[in-house]
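[1] The sequence and its predicted three-dimensional model are supplied below.
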Amino acid sequence: MAGGPARILNLFALIELMLLLLCTHKSFCVSTTNSKSSIQADKKADVLLPYTSPTASPQPFLPLLAPSPLTPFTNSTIPQLSGLCVLNFTSLTNMLTVTSTDCMAAFAPLLANVVCCPQVEATLVILIGQSSKYTNTLSLNGTTATHCLSDFEQILVGQGANDSLSKICSVHSSNLTEGSCPVSDVSEFESTVDSSNLLAACEKIDIVNECCQQICQNAILEASRKLAQKAYNLLTLGETHALSDHSSRINDCKSVVLRWLASKLEPSRAKEVLRGLSNCGINKVCPLKFPNLDRVIKGCGGGISNRTECCGSLESYVSHLQRQSFVTNLQALNCAALLGVKLRRANITENVYSQCRVSLKDFSLQVGAQESGCLLPSLPSDVVFDRTTGVSFVCDLNDNIPAPWPASSQLPPSSCNKTAVKIPALPAVASGQTSFDSSGMNSFLYLTVLAALSILI
């Protein structure tokens, strides 16, 4: 499962990736061979998904009736807006463009948890926060929220975004209201919380250390608690009801606090803060869904008596994980820990990761002819679209960090304690580099999807 050397993906490999993604999310592919033996009518429904092995190239597939690769990537259309939304979309034109690119139709499901949805959520917070300068309120009422969310989606889809963002990102019109938070008026907000301390803690966060130091997060939590406490006197409620109700209010009040912060910061700064904070939550979990482990448990049980069978079953299992989405390097670490704990709890105590050469990259989507795992950086990043060079995002194809085998059958408490595995937060190539330079690339590169991406739109 070890990856090969870093390289720039050539056009063929990029097209192969795009076609694989098409076959994964659209079920209308045919094999390039015309041999009758290449298609068996009695195969299972997932026959269109090529077997994904970390050591072998996928079978070439071609889409039926695909438009020309020279078709423009974006087919901007004029959105049909309701005219009933109070948000000033025009003031955030550039940010909306970034959001639509981050959530482009082809990649939105694969980049949802790391790039697309965090950007969608941040943009909505900033839109409401900026509008509060004129409305003096940090929320929308139910009716207005419905119109604004619809308009927001129409604008993004008109610029090439996926038309199912509400479903992909679980965004509802209620997310634009105050929810159960008792305070949404700006003046009341500022008289309730220590606004100067809140702004000082969050106006410029250290996105590398904030997740562990939690300076801004603690200030947000404190402000949210003060807002929630205005709803009722906790002493008059039963303890259980009070705790559950108060917890829900705090969560709703956090949204109000974030909108207030977005009103006090320039949109670009607000985006940096919001995306940085969201990444703290993103990198704490593994976003992958783990199917049944029975085959791996059977193949690797009894002290790995048959290494070939064990590694074969583990590779097959991991190949299914690889089809789900791109993950960050820290998410891959969490996924490796979670799978390892599941195996240990099934009495597989020997380090099968080492025996079968499993690396962190094996937990992310595989790209290129050599099928190298693409790990996204743990710090916030965006997809970039250029009409000349195409679509690009930062991707690590070279840093072959072995997946660490858990020391016990318990998950580690926090990524802040995972100091034994050295993982870069952000590749050096991401700092100001906007084009390919093979001499300057070590571990990271920009995965550039040229005009071939248009076949997925």
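    Thanks, I have the structure now.
[2] Please identify the buried residues of stretch 142-157?
    For stretch 142-157, burial by neighbour count (16 or more other Cβ atoms under 10 Å) applies to 144-157. The C-beta positions use only the backbone N, C-alpha and C, and glycine is treated the same way.
[3] out of those residues, what pair is the most spread apart?
    Using Cβ to Cβ, the buried residues of stretch 142-157 span at most 20.3 Å, a distance reached by Thr144 and Val157.
[4] what sits against Pro291?
    Tyr317, His320 (Cβ atoms under 8 Å, 6 or more residues apart in numbering).
[5] is it fair to say it lies in a strand?
    No: checked against DSSP: H, G, I helix; E, B strand; the rest coil, Pro291 lies outside a strand; its state is coil.
[6] I'd like the next helix or strand past the helix-or-strand element of the chain with minimal mean pLDDT.
    Ranking every helix and strand in the chain by mean pLDDT, DSSP states H and E puts strand 61-63 at the bottom, with a mean of 31. Next along the chain after strand 61-63, taking DSSP states H and E as the criterion, comes helix 93-102.
[7] quick one: contacts of that next one?
    Contact with helix 93-102 is made by 89, 111, 115-116, 119-120, 123, 126, 155-157, 159-161, 267, 271, 382-385, 391, as judged by Cβ under 8 Å, 6+ apart.
[8] can you tell me which of those are in helices?
    Applying DSSP state H to the contacts of helix 93-102, the entries found in helices are Leu111, Gln119, Val120, Thr123, Ile126, Ile155, Leu156, Val157, Pro267, Lys271.
[9] Now do the residue nearest to the fourth one when sequence neighbours are not counted, the pLDDT please.
    On the basis of Cβ to Cβ, 6 or more residues apart in numbering, the spatially nearest residue to Thr123 that is not a chain neighbour turns out to be Thr99, at 4.9 Å. Per-residue pLDDT puts Thr99 at 97.
[10] In PDB, please show the C-alpha coordinates belonging to stretch 201-221.
    Extracted in PDB, the C-alpha atoms of stretch 201-221 (Å, rounded to 0.1, in the frame of the first residue of the first chain):
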ATOM      1  CA  ALA A 201      -9.800  36.700  21.400                       C
ATOM      2  CA  CYS A 202     -11.100  36.000  17.900                       C
ATOM      3  CA  GLU A 203     -10.300  38.900  15.600                       C
ATOM      4  CA  LYS A 204      -7.000  37.200  14.700                       C
ATOM      5  CA  ILE A 205      -6.700  33.600  15.600                       C
ATOM      6  CA  ASP A 206      -3.700  31.300  15.400                       C
ATOM      7  CA  ILE A 207      -5.200  28.700  13.000                       C
ATOM      8  CA  VAL A 208      -2.300  26.300  13.800                       C
ATOM      9  CA  ASN A 209      -2.700  26.300  17.600                       C
ATOM     10  CA  GLU A 210      -6.300  27.500  18.200                       C
ATOM     11  CA  CYS A 211      -7.700  23.900  18.100                       C
ATOM     12  CA  CYS A 212      -5.600  22.900  21.100                       C
ATOM     13  CA  GLN A 213      -5.300  26.300  22.900                       C
ATOM     14  CA  GLN A 214      -9.000  27.200  22.300                       C
ATOM     15  CA  ILE A 215      -8.500  30.900  23.100                       C
ATOM     16  CA  CYS A 216     -11.200  32.000  20.700                       C
ATOM     17  CA  GLN A 217     -13.400  29.000  21.200                       C
ATOM     18  CA  ASN A 218     -13.500  29.500  25.000                       C
ATOM     19  CA  ALA A 219     -14.500  33.200  24.400                       C
ATOM     20  CA  ILE A 220     -17.300  32.100  22.100                       C
ATOM     21  CA  LEU A 221     -18.500  29.500  24.600                       C
END
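[11] How about residues contacting it?
    Identification of contacts with stretch 201-221 by Cβ under 8 Å, 6+ apart yields 197-198, 250, 254, 257-258, 261, 264-265, 269, 272-273, 276-277, 279-280, 283, 379-380, 414-416, 425.
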